[in-house]
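**Student:** Quick one: sequence plus predicted model below, questions after.
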Amino acid sequence: MTGSTAAALRYDPLDVVIDDDPYPTWKRMREEAPLYRNDDLDFYALSRWDDVEPALTDWQTYRSGRGTVYEIIRMGIDIPPGIILFEDPPIHDVHRKLLSRVFTPKRMAAIEPLVRDYCRAALDPLVGRAEFDVIEDFAAYLPMRTIGYLLGIPEQEQAAIRQQADQSISIGADGANSFDPESFDSTSAMFAEYIDWRADHPTDDLMTDLLQAEVDEDGRTRRLTREEVLNFTNLVAGAGNETATRLIGFALQLLAEHPDQRADVVHDPELIPNTIEEVLRYEPPSPVQARYTSRDVALHGETVAKDSIVLLLNGSANRDERRVPDGERFDVHRPEIPHLSFGHGLHYCLGAALARLEGQVALEEFLQRWPTWEVDLVRANKAHTGSVRGWEHLPVVVS
């Protein structure tokens with residue numbers, strides 16, 4: 001970054017003040033520094049759609065094998081096997097092929113009635129209350145129940161698993177990352193007893209599928225190692241819980257802030273799928289994807305050296321008006337809603353269909369009970385992590 005204007009532009013993914021509302025900063029980056037460089041924190045950032053989308057696809061250049069979170073790459077942490085978000089081909093392809101057999105349309109269709117039952121069980125006790133916290137009393141409950149069903153985790157243990165996952169990736173109020181490299185082991189260890197028990201008591205769930213799965217690698221067929229099963233389970237539980245919770249929170253916040261559009265959705269529930277897509281575009285739960293470069297790359301007249309950390313700001317690209325007309329405006333009526341909120345290419349989110357299902361059913365059930373509500377932003381606060389952003393507490397007043 002050069003010149004006096006660029007010198008005044010500052011982006012730090014660990015700054016909680018910026019993270020509360022990164023969009024003004026990202027808009028400036030798109031206009032003033034499409035290839036942004038932070039010398040102090042030693043990273044580059046790409047913010048425009050035409051840079052982010054091809055970079056997400058070009059896994060040969062923008063690699064994930066050292067992690068897809070800035071702090072993890074910079075710390076040089078050894079990545080355990082089975083976390084496909086943090087893998088490159090060929091092992092990534094082996095593991096992804098296996099998980100793709102889990103997130104099938106048939107299994108998602110079977111989950112829909114359960115998601116609806118979970119929503120009703122959480123929302124019905126709230127009817128009659130003047131206010132409640134939509135995260136603590138509802139949105140945090142639904143994804144973990146769904147993932148718990150997939151994995152066969154007892155309901156009484158699900159809250160502890162979610163809390164452990166949250167703590168492992170949180171950022172302190174001073175912007176200091178609290179990520180502990182040993183969290184891979186400590187979180188996976190929470191699943192060990194369930195995996196051992198399920199090995200002796202197979203049933204129709206994800207853990208059984210993983211324990212019985214065979215993969216082809218280097219011309220031979222093998223079972224997954226116990227470490228791979230643990231890390232697969234850890235990944236599904238953590239990623240599935242965080243993103244869906246934040247999606248639901250953002251949907252309820254944005255509709256409260258746009259009451260005319262909310263009234264349209266209440267009047268025409270067929271708008272709900274489109275509404276969820278617009279929420280995903282406008283406030284993606286996972287807006288920053290980190291990579292490291294495998295070679296020198298020429299970008300915007302500069303050379304990004306091999307082994308550089310590059311942040312791909314899909315949350316910024318989603319609002320890039322070069323690709324999305326009037327991209328800074330929330331509009332549930334958009335005829336086409338392009339976004340990169342589930343990634344793109346090799347690492348496109350396997351759980352995208354499940355997240356959409358949870359978001360759509362949650363919004364439908366909420367609107368059936370409360371067609372209007374107000375958000376208490378004074379008492380609300382966001383969770384801050386290196387990879388996911390969204391509401392940790394979101395009190396609402398209902399009528």
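**Tutor:** Happy to help now that I have it. Residues are numbered from 1 along each chain as shown.
**Student:** Look up the closest residue to Thr25, ignoring the ones flanking it.
**Tutor:** Distance criterion CB to CB, 6 or more residues apart in numbering; nearest residue to Thr25, sequence neighbours excluded, is Tyr11 at 5.3 Å. C-beta here means a position set from N, CA and C on the backbone, and glycine is covered the same way.
**Student:** gap between the one you found and Val17?
**Tutor:** According to CB to CB, to the nearest Å, Tyr11 stands 12 Å off from Val17.
**Student:** Comparing these two, which shows the higher neighbour count?
**Tutor:** Comparing Tyr11 with Val17 by other CB atoms under 10 Å, the one with more neighbours is Tyr11, at 23 against 10.
**Student:** how much space between the more buried one and Asp307?
**Tutor:** For Tyr11, the distance to Asp307 - CB to CB - is 21 Å.
**Student:** What of Gly327?
**Tutor:** Between Gly327 and Asp307 the computed distance is 33 Å (CB to CB).
**Student:** Which one of the two is surrounded by more residues?
**Tutor:** Between Gly327 and Asp307, counted using other CB under 10 Å, the more crowded position is Gly327 (22 against 13).
**Student:** Can you pull the phi and psi angles for that one?
**Tutor:** The phi/psi pair for Gly327 (degrees, to the nearest 10) reads phi -70, psi -20.
**Student:** how near is it to Asp320?
**Tutor:** 6 Å.
**Student:** Provide the partner residues of Arg291 in its beta bridges.
**Tutor:** When assigned by DSSP bridges, Arg291 has beta-bridge partners Val310.
**Student:** Isn't it up against Val310?
**Tutor:** Yes. Using CB atoms under 8 Å, Arg291 is in contact with Val310, at 5.2 Å.
**Student:** what's the overlap in contacts for the two?
**Tutor:** Shared contacts of Arg291 and Val310 (CB atoms under 8 Å, 6 or more residues apart in numbering): 55, 62.
**Student:** Check which residues of the helix ranked longest in the chain are buried.
**Tutor:** Criterion DSSP state H: the longest helix present in the chain is helix 226-257. By neighbour count on 16 or more other CB atoms under 10 Å, the buried set for helix 226-257 is 228-256.
**Student:** Could you check how sure the model is about it, as an average pLDDT?
**Tutor:** Helix 226-257 shows a mean pLDDT of 86 in the predicted model.
**Student:** need the next SSE after it, C-terminal direction.
**Tutor:** helix 259-267 (DSSP states H and E).
**Student:** mind checking how far the helix or strand just after that next one is from the chain centre?
**Tutor:** For helix 259-267, the following helix or strand on the C-terminal side (DSSP H and E) is helix 272-282. Relative to its chain's centre, helix 272-282 lies at 15 Å (CA atoms, centre = their mean, to the nearest Å).
**Student:** which helices and strands does helix 272-282 pack with?
**Tutor:** helix 226-257, helix 259-267, helix 352-369 (3 or more CB pairs under 8 Å, 6 or more residues apart in numbering; DSSP states H and E).
**Student:** I'd like to know which of the ones you listed lies nearest to Leu85.
**Tutor:** helix 226-257 (6.7 Å; CB to CB).
**Student:** Quick one: distance of the longest helix of the chain to the chain centre.
**Tutor:** 6 Å.
**Student:** And stretch 60-79, by the same measure?
**Tutor:** Worked out by CA atoms, centre = their mean, stretch 60-79 lies 17 Å from the chain centre.
**Student:** got it, and stretch 23-30?
**Tutor:** 21 Å.
**Student:** Can you mark which positions in that stretch are buried?
**Tutor:** By neighbour count with 16+ other CB under 10 Å, stretch 23-30 contains the buried residues 23, 25-30.
**Student:** Distance to Val279 for the helices and strands packed on helix 272-282 - can I get that in JSON lines?
**Tutor:** Shown next, in JSON lines, are these (distance: least, CB to CB, whole Å):
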{"stretch": "helix 226-257", "distance to Val279": "5"}
{"stretch": "helix 259-267", "distance to Val279": "11"}
{"stretch": "helix 352-369", "distance to Val279": "7"}
